[in-house]
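Student: from the sequence below, what's the structure:
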Amino acid sequence: MTSAFDKEFSGEAVLEFTDSDFMILKPGNFVRCAVTGDPIPLRDLRYWSAELQEPYKDAYASVKRWQELNGAGS
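Tutor: Residues are numbered from 1 along each chain as shown. Predicted coordinates:
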C-alpha cells in the first residue's frame, strides 16, 4: 500500500548542494549521477560537488568528473 508520503517523495528530486549537506528543493527519492546518469537513492547519496551543483554515485565518478574538468588523464 502506497502512502501519501511515498507519493510525495517519489521520482527525481532537485537538490541544492553545500560543502557538507544538501537541501531538497523538489521532493523525490533519487537524483541522477552527473557522470553516469545512474539514479542514486537519496539515502545513498554521499558524493557531490557544491561548486558544480552535481551529484555522483560514488568516489570513482567524482574523481572522473574532477579529471575531466582539470585536464587529467583517465
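
Student: identify the residue nearest the geometric centre of the chain.
Tutor: Centroid-nearest residue in the chain: residue 55, 2.9 Å away (criterion: C-alpha atoms, centre = their mean).

Student: strand partners of the host helix or strand of it, parallel vs antiparallel please.
Tutor: Per DSSP states H and E: residue 55 is located in strand 54-56. As defined by DSSP bridges, the strand partners of strand 54-56 come to strand 47-49 (antiparallel).

Student: for the top helix by length along the chain, which outside residues touch it?
Tutor: Ranked by number of residues, the top helix in the chain under DSSP state H is helix 59-70. Applying C-beta atoms under 8 Å, 6 or more residues apart in numbering, the external contacts of helix 59-70 come out as 33-36, 47-49, 52, 54, 56, 72-74. Heads up, the C-betas are built off the backbone N, CA and C, glycines and all.

Student: between which two of those is the distance greatest?
Tutor: 48 and 73 (23.5 Å; C-beta to C-beta).

Student: tell me which of those two has more neighbours.
Tutor: Neighbour totals were compared for residue 48 and residue 73, and residue 48 leads with 22 against 4 (other C-beta atoms under 10 Å).

Student: separation between that one and residue 9?
Tutor: Going from residue 48 to residue 9 by C-beta to C-beta, to the nearest Å gives 19 Å.

Student: per-residue pLDDT, residue 4?
Tutor: As predicted, residue 4 sits at a pLDDT of 54.

Student: quick check: which ranges of the protein have low pLDDT?
Tutor: In the prediction, the chain carries residues with pLDDT under 70 at positions 1-8, 73-74.

Student: can you give me the helices in it?
Tutor: Under DSSP H, the chain gives helices at 4-8, 59-70.

Student: turn those helices into CSV, including distance to residue 27.
Tutor: Shown next, in CSV, are the helices of the chain (distance: least, C-beta to C-beta, whole Å):
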stretch, distance to residue 27
helix 4-8, 5
helix 59-70, 24
